[in-house]
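Novice: Structure here, sequence nowhere to be found:
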């Protein structure tokens, strides 16, 4: 949206943010030219189907910048967490211990489990306490993730490092014929943007423009390293892409314009590979792509700029700086393009690999006709009462500056939607001013329409995040229970928006 089309209230919020930021000394942007080039770290794997595993939420220290130490958070390691491997048909037994001095949670994003196991904001783990779960895994093979989900603190805690990847395997599914040697030709890539102070500490804000748009940093981390270099074998390589950023949307392509194939989205395999030259990933979205490195040539994965904000590309440079800044321009790239990571294939060049024709084991939609329809409006400003039922039978307005859904700022004491187990519903989600990545807990949905266009299932598969472009329509069905005491969430996955109240709760009975 152009600057001239901003609403009056949005403009007032931006100006208030400018005034707040002006009172704070501006920090010099660090030059990270000498920080890139480290070998891509690969998170260790923890198998959950053989024995009970324990994740410790801890404070640590990480080395992102030469000679500087950055205080960070992580699960059982200083920053991020290990890759958890779940197996369909098995029980995942996990302890989450909180070694921090503030409450946390561990939300299993994309996992189809009852709400009491989901790890949402109602399931806080207090300091020095432990949450023990036994989760029956029954969903197709997919790339998921986990992260803290404490209301009002989600953005900060994920930014500090409380997140990690999950891989679900399905040994009974037909062989997809995809690379599966983890860390070799099957690479997890957790992409995040961060900003740093001159002393090495993370720079972060959730006020003013950063609250309205979502905080975005000027340094790109992959698996906790700034613009690293991966060394895959020559041949076909599977990249599990996770946008773990708070707010930034990426438009990814390779510097030599090589094509690739998307083979999976959030809920698992697509019916057949989709040939692409670029792919968009909004916050919390995942995609698995198949890239052919048979030629042995070095190549860089790039992203285009993120103009998803009420002012679009016309946002003033000063405001961009307050959000953390923009990543450095990639030499020779398109305007605004920046580097994610590079690949230096190892081994002699060889003939191109063979791409599978189709994936017979891919999940297919089984929704049927919707039993009811619902309309959800994502509000950048929600200071009034809205629909919903609290335990006391009352609904209350949120604080000034709250965001919300259907005019209602989030309340942990209010259920917004009551669903019936196994029934399909048609949800229409509307968003003005900017695009919002909309996430539903505990299930996967089918996107029917978005941005004024019908969406072909074969191009997206089943999802749990949709970047709402004006209006989106999705089919939703939940098959696990969620009670009023511990409901599921639906929310914008720009984490600053979620913390500001753009979130609701629903039950399933």
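Specialist: Ah, there it is. Given the structure is predicted, the values throughout are model-derived calculations rather than measurements.
Novice: How confident was the prediction at the nearest residue to residue 215 once chain neighbours are set aside?
Specialist: Excluding the flanking residues, the one nearest residue 215 by Cβ to Cβ, 6 or more residues apart in numbering is residue 246, at 5.4 Å. From N, CA and C alone the C-beta is placed, and that goes for glycine too. Looking at residue 246, its pLDDT reads 98.
Novice: Name all residues that make contact with residue 246.
Specialist: Residue 246 makes contact with 155, 158-159, 193, 214-216, 283, 494-496, according to Cβ atoms under 8 Å, 6 or more residues apart in numbering.
Novice: how far out from the middle of the chain is stretch 310-321?
Specialist: Computed by Cα atoms, centre = their mean, to the nearest Å, the chain-centroid distance of stretch 310-321 equals 23 Å.
Novice: Ok, stretch 435-455 next?
Specialist: The chain centroid and the centroid of stretch 435-455 are separated by 14 Å, computed with Cα atoms, centre = their mean.
Novice: And that stretch, what's buried?
Specialist: 435-448, 450, 455 (16 or more other Cβ atoms under 10 Å).
Novice: Remind me what the helix or strand harbouring residue 157 packs against, helices and strands.
Specialist: Using DSSP states H and E, residue 157 sits in helix 154-160. Applying 3 or more Cβ pairs under 8 Å, 6 or more residues apart in numbering; DSSP states H and E, one finds that helix 154-160 contacts strand 70-75, strand 142-147, helix 495-500.
Novice: and after the first one, which helix or strand comes next?
Specialist: Going back to what we said before, that points to strand 70-75. strand 83-87.
Novice: Give me the contact list for that following strand.
Specialist: 43-49, 53, 92, 94, 111, 135, 137, 146, 164-171, 182, 188.
Novice: State the distance from residue 367 to residue 422.
Specialist: To residue 422, residue 367 is 11 Å away according to Cβ to Cβ, to the nearest Å.
Novice: typo on my end, residue 193
Specialist: 40 Å.
Novice: Between those two, which is the more surrounded one?
Specialist: residue 193 (27 against 11; other Cβ atoms under 10 Å).
Novice: Would you check that that one makes contact with residue 327?
Specialist: Yes - using Cβ atoms under 8 Å, residue 193 is in contact with residue 327, at 7.1 Å.
Novice: so what's in contact with those two at the same time?
Specialist: With Cβ under 8 Å, 6+ apart as the test, residue 193 and residue 327 both reach 218-220.
Novice: Just the buried ones out of these, please.
Specialist: The buried subset of the shared contacts of residue 193 and residue 327 - by 16+ other Cβ under 10 Å - is 218-220.
Novice: how about the helices of the stretch 151-300 of the chain, start to end?
Specialist: 154-160, 209-213 (DSSP state H, counting those that start in this stretch).
Novice: what's the closest of those helices to residue 290?
Specialist: Nearest to residue 290 among the helices of the stretch 151-300 of the chain is helix 154-160; the distance by Cβ to Cβ comes to 28.3 Å.
Novice: List of residues touching the closest one?
Specialist: For helix 154-160, contacts defined as Cβ under 8 Å, 6+ apart pick out 71-73, 104, 121, 147-148, 150, 194, 202, 204, 206, 215, 244, 246, 495-496, 498-499.
Novice: Just the buried residues of the residues you listed.
Specialist: Buried, going by 16+ other Cβ under 10 Å: 72-73, 104, 121, 147-148, 150, 194, 202, 204, 206, 215, 244, 246, 495-496, 498-499, out of the contacts of helix 154-160.
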